[in-house]
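1. Provide a 3D model corresponding to the input given below.
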Amino acid sequence: MSFPQVRTLFIVTPGDPYPPLSGAHLRYWQLINIMKKFGSVGIFSIFPLDSNNQTIPGVELRYHCNTAKVKRSFWDNLQRQLWWVFPQGYPSSAQRYAEAADQQLKEVLAKFQPDLVIIEMIVHRYIPTLKDYGCSLILDEHNINGIWLEQYYKARQTTQKQKLSIWQKILLALELSRTKIIEQELIAQADQVWTCSKIDNQSLQDLYGRNSNSWVIPNGIDVSYYDNVRLGKCDLPDELKNKQRNILFLGKMSYSPNAVAVELLIDKIYPRLRQIYPDCRLLLVGREPNQRMLEAAGRDSGIIVTGKVSDIRPYLAASSVMVVPLQQAGGTRLKILEAFAGGCPVISTAKGAEGLEVKDGEHLLIREEIDEIIEGIKQIWSEPDFGQKLADSAYELIKAEYSWEAVEKRVSSAISELFS
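-> I've put the predicted structure just below:
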């Protein structure tokens, strides 16, 4: 497909997009690298922290606004602190919107002159500025927020084990209601809406009505980045040289759905496996582990909590199975894609693998109950050829459907229609 060069500006809110350290960052990183092939790319990041200002390969413009440091008007501060009073108030966007940041965005638009801006829901307060500028607008729904937020708070209540006050319940109900209103308005205003999977796309239609401009742009990864893991050429951490019975869970540990899954691993799955296999270990790899995880690691030398790591590949290489017992969440599971690319067999709940075009028993094992998960792990450990068969099929799937090259074809079709 051929179309004119497209200058794309990403408005990034979860933190520095590079190096990519989380699911949202990996999605941005994927889209940035794909859009570079269609023209120049710029990044305008907005979040209440300083940026690392690290140079991003191939990015023409990078501009950051620390919304915690900008000068705010009285009205600006009032809307931020009392978000529930104002019709467009929304707690997450309140931390990322400021009149000064809006002015900086206008200057960036004038300087970079993008043809296309890719946003997420949290920047909805900047939509009037983007509409006034007049470029095409893509809403990237890496989560269907109206669904994700409800699941997120359920998971958080499970992990924190505390009752909410009446006022907290009112604020949560108001936030969920506002989320759906704002999300629906943005969908109507965007030229295209990108979702991560067919399931998410259908959920979007079910929640907000049919939208002919929605496109499935799945999460994907740079498969070649994991070749050294799959081929057994990655150096292992010194304490993990014996990888025969290492269970891996990967992710941001403070994210409530991940924290719930880790509780299941620590409390119900790992102890039973330890009784059968005294040498087995549980690797919890990811930033912001909570106190319960750290205490569990302190009590049991077989539980390894790494915290933030600069490169997950050595831990992926040191694992004989990835287990993903997620009960809630949205989007698609980059942790599973990384395991597929690295040749590591996967056992997951259906929710954990939701959004991926996978088949139970061919690409991974789908297991719901604790007993089933344990039996699946035992099968992979006792039948190495079976585990290898799963890994080989998963690798072929990721090359065909979830590699950057595969996702690029979908992006090309969407952009071609937008600018045809």
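2. other SSEs contacting the longest helix anywhere in the chain?
-> With secondary structure taken from DSSP state H, the chain has its longest helix at helix 166-189. Secondary-structure packing of helix 166-189 (3 or more CB pairs under 8 Å, 6 or more residues apart in numbering; DSSP states H and E): helix 127-133, strand 136-141, helix 145-160, helix 198-208. Using the backbone N, CA and C atoms, a C-beta is placed for each residue, glycine as well.
3. And these, which one averages the lowest pLDDT?
-> With a mean of 70, helix 145-160 has the lowest mean pLDDT of the helices and strands packed on helix 166-189.
4. Which residues does the longest helix of the chain contact?
-> Applying CB atoms under 8 Å, 6 or more residues apart in numbering, the contact partners of helix 166-189 are 84, 88-91, 121, 124, 127, 131, 137, 139, 144-146, 149-150, 153, 164, 193, 204, 207-208, 211.
5. Just the buried ones from the residues you listed?
-> 88-90, 121, 124, 127, 137, 139, 144-146, 149, 153, 193, 204, 208, 211 (16 or more other CB atoms under 10 Å).
6. For the helices and strands packed on helix 166-189, give me TSV that also has distance to residue 6.
-> TSV is the format used below for those (distance: least, CB to CB, whole Å):
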stretch	distance to residue 6
helix 127-133	15
strand 136-141	9
helix 145-160	26
helix 198-208	23
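7. now, of those, which is deepest in the fold?
-> Neighbour counts (mean count of other CB atoms under 10 Å) averaged over each of the helices and strands packed on helix 166-189 peak at strand 136-141, with a mean of 23.
8. what angle do that strand and helix 198-208 make?
-> Angle, strand 136-141 to helix 198-208, by axes from the mean of the first three to the mean of the last three CA atoms, to 10 degrees: 100 degrees.
9. partners of strand 136-141, with directions?
-> Strands that pair with strand 136-141, judged by DSSP bridges, come out as strand 116-119 (parallel), strand 192-195 (parallel).
10. a markdown table for those strands, including mean pLDDT and distance to residue 327?
-> Compiled in a markdown table, the strands paired with strand 136-141 are given as follows (pLDDT from 0 to 100; distance: least, CB to CB, whole Å):
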| stretch | mean pLDDT | distance to residue 327 |
| --- | --- | --- |
| strand 116-119 | 96 | 30 |
| strand 192-195 | 96 | 21 |
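11. Throw the ones you listed into JSON lines and include distance to residue 328, thanks.
-> Below are the strands paired with strand 136-141 laid out as JSON lines (distance: least, CB to CB, whole Å):
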{"stretch": "strand 116-119", "distance to residue 328": "25"}
{"stretch": "strand 192-195", "distance to residue 328": "18"}
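12. closest one to residue 33 among the ones you listed?
-> strand 116-119 (13.1 Å; CB to CB).
13. list the buried ones in that closest one?
-> Buried, per 16+ other CB under 10 Å, within strand 116-119: 116-119.
14. How about exporting that strand as PDB, limited to the C-alpha atoms?
-> Presented in PDB, the C-alpha positions along strand 116-119 are these (Å, rounded to 0.1, in the frame of the first residue of the first chain):
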ATOM      1  CA  LEU A 116      -1.800  12.500  12.700                       C
ATOM      2  CA  VAL A 117      -1.900  12.400  16.500                       C
ATOM      3  CA  ILE A 118      -2.300   9.200  18.500                       C
ATOM      4  CA  ILE A 119      -3.800   9.600  22.000                       C
END
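15. and that strand, how far out from the chain's middle?
-> 18 Å (CA atoms, centre = their mean, to the nearest Å).
16. cool, and stretch 312-330?
-> So, by CA atoms, centre = their mean, the centroid of stretch 312-330 is 14 Å from its chain's centroid.
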